[in-house]
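>>> Provided below for reference: sequence and predicted model.
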Amino acid sequence: EVRLVQSGPEMKKPGESLRISCQTSGYIFPNYWISWVRQLPGKGLEWVGKIDPSDSYVNIRPFFRGHLTISTDKSTDTAYLQWTSLRASDTAMYYCARQQYANSPSDYWGQGTLITVAS
Amino acid sequence: SYDLTQPLAVSVALGQTARITCGGNNIENRNVHWYQQRPGQAPVLVIFKDTQRPSGIPERFSGSNSGNTATLTITTAQVGDEADYYCQVWDDNSGEFGGGTKLTVL
């Protein structure tokens, strides 16, 4: 059974760093890309970026470049989304999702990680 | 970027047919994917590559894509179909979602 299990909710202050995780199982991790999707409170889905675990190639939406990074650990079949300096505007639900190729649909999703950034 | 336009809301009577549109410039030249998101839950893929249905998705869900409009059709609408629906395409290697449509079953 394919599963993507994300780390738990986080409450952070502006300026703090954070890394959230997406632990996968049930399939061959390097064979599928991982995308990250943001959902602001009460708003729609917004694609953040994606990574190819086989070679760590990353593509991040220009709006987010320089503000967050995406990585994977093939030894634990885990993907990560990381910030070095959070902003209040980062408050949102973040989903990881699996896709077979770079521009494929996302067929399995994590349950989401809620990040709250407030002073 | 590539803009996708969806109606904010669609309502349908129980047992009737709902159609949710996704507009984009020459969208017929792109593969359109559709996701269902029930309140408090993660999105679920319901249609991919315009018309394909993943395993486990009822036949009541279908898709089409022509000209500047892709359409998700839900026949015999049920209360459990109430959700937000998003279309998605890939543009220049970046994912683009429509703004989402809230489906209400009356």
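Thanks, I have the structure now. Residues are numbered from 1 along each chain as shown, chains lettered A, B, ... in the order given.

>>> name the element the spatially most central residue of chain A belongs to?
Nearest residue to the geometric centre of chain A (CA atoms, centre = their mean): residue A:36, 3.7 Å. Residue A:36 is located in strand A:33-39, with elements delineated by DSSP states H and E.

>>> need the contact list for the residue in chain A that chain B sits nearest to.
Of all residues in chain A, residue A:47 sits closest to chain B, at 3.2 Å by CB to the nearest CB. In short, each C-beta sits where N, CA and C put it, glycine included. Residue A:47 makes contact with A:35, A:36, A:37, A:61, B:88, B:94, B:95, B:96, B:97 under the criterion CB atoms under 8 Å, 6 or more residues apart in numbering or on different chains.

>>> describe which strands the helix or strand encompassing it pairs with in its sheet and in which direction.
Following DSSP H and E, one finds residue A:47 within strand A:45-52. Strand A:45-52 pairs in its sheet with strand A:33-39 (antiparallel), strand A:57-60 (antiparallel), by DSSP bridges.

>>> which other residues reach the longest one?
Among residues not part of strand A:33-39, those counted as contacts by CB under 8 Å, 6+ apart are A:22, A:24, A:45-53, A:70, A:72, A:79, A:81, A:92-102, A:104, A:106, A:112, B:43, B:95, B:97.

>>> any of these buried? List them.
Neighbour-count burial (16 or more other CB atoms under 10 Å in any protein chain shown) is assigned, among the contacts of strand A:33-39, to A:22, A:24, A:45-53, A:70, A:72, A:79, A:81, A:92-99, A:104, A:106, A:112, B:43, B:95, B:97.

>>> list the residues that contact residue B:46.
B:34, B:35, B:36, B:53, B:54, B:57, B:61, B:72, B:85.

>>> separation between it and residue A:105?
Noted for residue B:46: a distance of 10 Å to residue A:105, by CB to CB, to the nearest Å.

>>> repeat that for residue B:101.
Separation of residue B:101 from residue A:105 (CB to CB): 18 Å.

>>> ok, the two, which is more surrounded?
Set residue B:101 next to residue A:105 and count neighbours by other CB atoms under 10 Å in any protein chain shown: residue A:105 wins out with 26 against 21.

>>> mind listing what the more buried one touches?
Residue A:105 touches A:99, B:31, B:33, B:45, B:48, B:49, B:88, counting by CB under 8 Å, 6+ apart.

>>> and the buried ones among those residues, selectable in PyMOL?
Command for PyMOL, covering only those of the contacts of residue A:105 found buried under the criterion 16+ other CB under 10 Å:
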select buried, (chain A and resi 99) or (chain B and resi 31+33+45+48+88)
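
>>> make JSON lines from the contacts of residue A:105 and add secondary structure and pLDDT to it.
Converted to JSON lines, the contacts of residue A:105 look like this (DSSP: H, G, I helix; E, B strand; the rest coil; pLDDT from 0 to 100):
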{"residue": "A:99", "secondary structure": "strand", "pLDDT": "97"}
{"residue": "B:31", "secondary structure": "coil", "pLDDT": "96"}
{"residue": "B:33", "secondary structure": "strand", "pLDDT": "98"}
{"residue": "B:45", "secondary structure": "strand", "pLDDT": "98"}
{"residue": "B:48", "secondary structure": "strand", "pLDDT": "97"}
{"residue": "B:49", "secondary structure": "coil", "pLDDT": "97"}
{"residue": "B:88", "secondary structure": "strand", "pLDDT": "98"}
